[in-house]
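> Would you be able to build a 3D model of this:
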Amino acid sequence: MTPLRQLQALIQAEFRHPVPAHVGRWYLVGGWLLFLVALQILSGILLMIYYRPSPDEAYESVRYVMNDVRLGWLVRGMHYWGAHLLIVVLVLHLGRVYFFTAYRERELNWAIGLLLFGGVGAFAFTGMLLPWDQQAYWNADAVRTALEHVPVVGKFILELLWGGHELETGALLRFYIFHVGLLPWLMVMLLAVHLYLVNRQGLYSPSPFQGEGQGEGQSPASSRTYHDMLLEGLFLALLTFGGLLTLAVLFTPALGEPIDLLKPNPVHVPWYFLPALGFFRLVSPDFGIWLAGLGVLGLFLVPVLRVRGIALGLGALAVLGALALAVLGYLSQGGPP
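Residues are numbered from 1 along each chain as shown. Now for the predicted structure:
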């Protein structure tokens, strides 16, 4: 038997293995995320070909993509809606891991997952300015104004991202470098470690499947095989691609008006930043940044919560609090920075 035939037989044998009983369709969410990440990378590379990260050319280059590049509007639409769906699926994945307490004995991977979540937020924030239109400029300027009041940390972030205390021409280039140069490499490295740890430690097996003398990864087998799971994942990917294509065609993201420094725009942020907007409408930026830091630290310390009931209760309170802040942020949109 040739090496190729041996490899083919090995893969076929692996796919015929039954899936553990606790591995339901919720476990497809991780693969769903990987598909969306690949789609964002591909569409982002296509957009990079035409984008010009300078204040004089950025807006016109986006307009050129939308109006003159063949199917450029479609690629930008899929990148736009893909980013929204990626955040939704990531929140679902993080919520599944938390509420299923799948972080137990996987503290390092939980921390890496939180870093990946923060990285996606950084992608969304840095990408928000790149169209260099009226709304993008004044949204970023509102964040700059808030950071000016934050001692120590605020000044550091302004120097790092804005290059100073004003939203000047160098800020666009810095945002672009972070968005396409630095963040992708950091995210790929974190994702590689995350996947390696998942493969090494195995999928979390809830306690009902862990009988006496039965460890993790030894739960009873189900009638589904890995071949079935692969087909389900491929179907989900195809459905996702079709859905994003439909959204890009029916709801093509519009490019706003060119920047007018004499006509400030009211703040209108994407839905995923509404809880943050509501939070900073509720508390002052200098106090809020430290309070948010404590919240982030609490997330990293989640594996310390050994009592499942306490963890679930705190998680439910966090979800309700985020929804309440999102409503507050939505109602306060359109106001001054």
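> Could you pull up the residues touching Leu94?
Contact analysis of Leu94 by CB atoms under 8 Å, 6 or more residues apart in numbering lists 113-114, 117. Where C-beta positions appear, they are placed from N, C-alpha and C, glycine not excepted.
> in the chain, which ranges drop under the pLDDT threshold?
The model of the chain has pLDDT under 70 over residues 1, 3-24, 164-169, 203-228, 307, 334-337.
> The residue nearest the centre of it - nearest residue in space that isn't next to it in sequence?
Most central in the chain under CA atoms, centre = their mean is Val120, positioned 3.5 Å from the mean C-alpha point. Counting by CB to CB, 6 or more residues apart in numbering, Val120 lies nearest to Leu90, which is 5.8 Å off, once chain neighbours are set aside.
> go on, Ile177?
Closest residue in space to Ile177, ignoring its immediate chain neighbours: Pro53 at 7.9 Å, by CB to CB, 6+ apart.
> sorry, back to before: pull out the buried residues from the one helix or strand the residue nearest to the centre of the chain maps to.
Assigned by DSSP states H and E, Val120 falls within helix 107-129. Counting neighbours by 16 or more other CB atoms under 10 Å, one finds that the buried residues in helix 107-129 are 109-117, 119-120, 122-129.
> same deal with stretch 75-95?
Residues 75-87, 89-90, 93-94 are the ones in stretch 75-95 that count as buried (16+ other CB under 10 Å).
> returning to that earlier point: count of neighbours near the residue nearest to Ile177?
The number of residues packed near Pro53 is 18, by other CB atoms under 10 Å.
> Phi and psi next, for it.
The phi and psi values for Pro53, taken as degrees, to the nearest 10, are phi -80, psi 60.
> Distance check, it against Leu172.
Between Pro53 and Leu172 the computed distance is 6 Å (CB to CB, to the nearest Å).
> and for those two, which residues touch both?
With CB under 8 Å, 6+ apart as the test, Pro53 and Leu172 both reach Leu130.
> just to revisit the earlier point, secondary structure class for the residue nearest to Val120?
Classification of Leu90 using DSSP: H, G, I helix; E, B strand; the rest coil returns helix.
> Contact partners for it?
With contacts defined as CB under 8 Å, 6+ apart, the neighbours of Leu90 are 33, 116-117, 120.
> Kindly format the C-alpha coordinates of stretch 55-65 as PDB.
Extracted as PDB, the C-alpha positions of stretch 55-65 are listed here (Å, rounded to 0.1, in the frame of the first residue of the first chain):
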ATOM      1  CA  PRO A  55      -6.100  61.100   5.100                       C
ATOM      2  CA  ASP A  56      -6.000  62.400   1.500                       C
ATOM      3  CA  GLU A  57      -6.700  59.000  -0.200                       C
ATOM      4  CA  ALA A  58      -8.400  56.800   2.400                       C
ATOM      5  CA  TYR A  59     -12.000  58.000   1.800                       C
ATOM      6  CA  GLU A  60     -11.600  58.000  -2.000                       C
ATOM      7  CA  SER A  61     -10.000  54.600  -2.000                       C
ATOM      8  CA  VAL A  62     -13.000  53.100  -0.200                       C
ATOM      9  CA  ARG A  63     -15.400  54.900  -2.600                       C
ATOM     10  CA  TYR A  64     -13.400  53.500  -5.500                       C
ATOM     11  CA  VAL A  65     -13.800  50.000  -4.100                       C
END
